[in-house]
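Peer 1: Mind folding the following:
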Amino acid sequence: MPARRRLALLAVVVLAAAGSFALGRFGAYLVHSVAIAAIAAMGLNLLTGFAGQISFASGALIGIGAYTAGNLGNAGWGLGAILAAGVAAAVASVVIGLPALRLRGLYYAIATLAAQFVLEYLFKIVEPLTKGISGMNIAPLVLLGRPVASDQAWAAISIAILALTWLGLARLMRTNVGRAFLVVRENELVAKGMGIDVVRVKLWAFLASGFVIGVSGALVGFTTRLASPEGFGLSLSIDQVAMLIVGGQGVWAGSLLGAGFVVLIPEAIQRLGEALHVANLLSAMREMSFGLLIVLFLLFEPRGLAALLRRLARGVSRIALPHPVPDSSPVVAARTPAPGGTREKAL
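Peer 2: This is a model prediction of the structure:
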């Protein structure tokens, strides 16, 4: 990312973090919900959109991050709990990714789906670490000697971590490892022919993706103050995949756009139902309406919101920029052939 873009992103982050304290509690809640979901979507985007390895186990990895942060946060680790949650999820992601060394396509997707169900079951039975089906209560994160309890503070923290994640992943994709991700995504045989160690590249992809998703899970645990098996089920993994479909794969901005869509559209449908006094009806139809919107995206804009916005921006620029006007200066007139094969003289 060029220095100018980094400075622009830093300015936006500072303004957004400062502005989050002016929001009400519900507005700040929506901001940090979108930011945290976008962090996890970026982790999955790295694995799927850039490295070409599909996964349906991101919900369970978010759960590992939340439980790890909960246990260590209750023990007083502070910010170290967030980093440890990323490490724990990264290790689990590598273990889940081991079948990818032998399986391809649909077969590997089914393997990640099996891993999702296995981890969900472990969340219920490993009671010393997870408190079973009743769930684990998580103490507030202690930062600079003070507990972080308000939604406004979490909105500012989540925006800052989102920006760091964006910059870090963009930097990773400019390294040799990041370029190897793209080659492996396109064709593994070509990658091997170029001397790329495909096994190592895949493991790096799972490691980096798992770390980012685990950090998101830690933020989920600290903001909700609860980690329970029901919150990290298959539906959460599907939501993450939906964010990539709607926002656009292989584009970092697509992760943010997809997260905003998946998080905010159900809330908007609910508010619309309350305004029209049909809240009960729309509440029952909310999931169906949300699914219908995703199908429409697949039909009419399969490359996601990021591609749609780029196309709209190009259209606006064509309209905004003036069309070139033919030069009618005397010099041009002198060079223009006149009727009869002669040329007009310049005045």
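Peer 1: who does the helix or strand A156 falls within touch, helix- and strand-wise?
Peer 2: With elements taken from DSSP states H and E, the one containing A156 is helix 151-172. Secondary-structure packing of helix 151-172 (3 or more C-beta pairs under 8 Å, 6 or more residues apart in numbering; DSSP states H and E): helix 3-20, helix 25-45, helix 198-224, helix 252-275. Every residue, glycine included, has its C-beta placed from N, CA and C.
Peer 1: Kindly export that helix (C-alpha atoms) in PDB.
Peer 2: Coordinates of each C-alpha in helix 151-172 appear next as PDB, following Å, rounded to 0.1, in the frame of the first residue of the first chain:
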ATOM      1  CA  ASP A 151     -19.400   0.200  23.500                       C
ATOM      2  CA  GLN A 152     -17.900   3.500  22.500                       C
ATOM      3  CA  ALA A 153     -14.500   2.400  23.800                       C
ATOM      4  CA  TRP A 154     -14.800  -0.900  22.000                       C
ATOM      5  CA  ALA A 155     -15.700   0.800  18.800                       C
ATOM      6  CA  ALA A 156     -12.500   2.800  18.900                       C
ATOM      7  CA  ILE A 157     -10.400  -0.300  19.800                       C
ATOM      8  CA  SER A 158     -12.000  -2.400  17.100                       C
ATOM      9  CA  ILE A 159     -11.500   0.200  14.400                       C
ATOM     10  CA  ALA A 160      -7.800   0.500  15.400                       C
ATOM     11  CA  ILE A 161      -7.300  -3.300  15.300                       C
ATOM     12  CA  LEU A 162      -9.100  -3.500  11.900                       C
ATOM     13  CA  ALA A 163      -6.800  -0.900  10.500                       C
ATOM     14  CA  LEU A 164      -3.700  -2.700  11.800                       C
ATOM     15  CA  THR A 165      -5.000  -6.000  10.300                       C
ATOM     16  CA  TRP A 166      -5.700  -4.300   7.000                       C
ATOM     17  CA  LEU A 167      -2.200  -2.800   6.800                       C
ATOM     18  CA  GLY A 168      -0.500  -6.000   8.000                       C
ATOM     19  CA  LEU A 169      -2.300  -8.300   5.500                       C
ATOM     20  CA  ALA A 170      -1.700  -5.800   2.700                       C
ATOM     21  CA  ARG A 171       2.000  -5.800   3.600                       C
ATOM     22  CA  LEU A 172       2.000  -9.600   3.700                       C
END
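Peer 1: How about residues contacting it?
Peer 2: 1, 6, 9-10, 13, 16-18, 20-21, 23, 25-26, 28-29, 31-32, 35-36, 38-39, 42-43, 46, 143, 148, 178, 208, 212, 215, 219, 222-223, 252, 256 (C-beta atoms under 8 Å, 6 or more residues apart in numbering).
Peer 1: For ChimeraX, what selects the buried ones among those residues?
Peer 2: To isolate the buried ones among the contacts of helix 151-172 in ChimeraX, judged by 16 or more other C-beta atoms under 10 Å, type:
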select :13,16,17,20,28,29,31,32,35,36,38,39,42,43,46,148,178,208,212,215,219,222,223,252,256
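Peer 1: Quick check: which element contains F181?
Peer 2: With DSSP H and E as criterion, F181 is part of helix 176-186.
Peer 1: Pull up the distance across stretch 297-309, start to finish.
Peer 2: Its start and end residues considered, stretch 297-309 measures 13 Å (C-alpha to C-alpha, to the nearest Å).
Peer 1: Name the spans of this protein whose pLDDT lies under the cut-off.
Peer 2: 1-6, 8-10, 12, 17, 279, 281-287, 289-290, 321-347 (pLDDT under 70).
Peer 1: So which residue is dead centre in it?
Peer 2: Most central in the chain under C-alpha atoms, centre = their mean is A41, positioned 2.7 Å from the mean C-alpha point.
Peer 1: That one and S237: what is the separation?
Peer 2: Separation of A41 from S237 (C-beta to C-beta, to the nearest Å): 12 Å.
Peer 1: coming back round to it: dump the residue contacts of the residue nearest to the centre of the chain.
Peer 2: 240, 243-244, 247, 255-256, 258-259.
Peer 1: repeat for S216
Peer 2: Per C-beta under 8 Å, 6+ apart, neighbours of S216: 36-37, 39-40, 43, 62, 65.
Peer 1: 10 Å instead?
Peer 2: Neighbour list for S216: 35-44, 58, 61-62, 65-66, 82, 85-86, 89, 158, 161-162, 165, 240 [criterion: C-beta atoms under 10 Å, 6 or more residues apart in numbering].
Peer 1: now swap in A51 and tell me
Peer 2: Neighbours of A51 in contact, by C-beta under 10 Å, 6+ apart: 45, 97, 100, 177-178, 180-185, 201-202, 204-206, 208-209.
Peer 1: go again using 7 Å as the cut-off
Peer 2: 181, 184-185, 205 (C-beta atoms under 7 Å, 6 or more residues apart in numbering).
Peer 1: hang on, I196 packs against F181?
Peer 2: No: I196 is beyond contact range of F181, at 9.9 Å (criterion: C-beta atoms under 7 Å).
Peer 1: now for the helix or strand harbouring Y108, which elements pack on it?
Peer 2: Per DSSP H and E, Y108 falls inside helix 105-125. Helices and strands touching helix 105-125, by 3 or more C-beta pairs under 7 Å, 6 or more residues apart in numbering; DSSP states H and E, are helix 58-74.
Peer 1: so the helix it packs on versus helix 105-125, what angle?
Peer 2: Per axes from the mean of the first three to the mean of the last three C-alpha atoms, to 10 degrees, the angle that helix 58-74 makes with helix 105-125 is 30 degrees.
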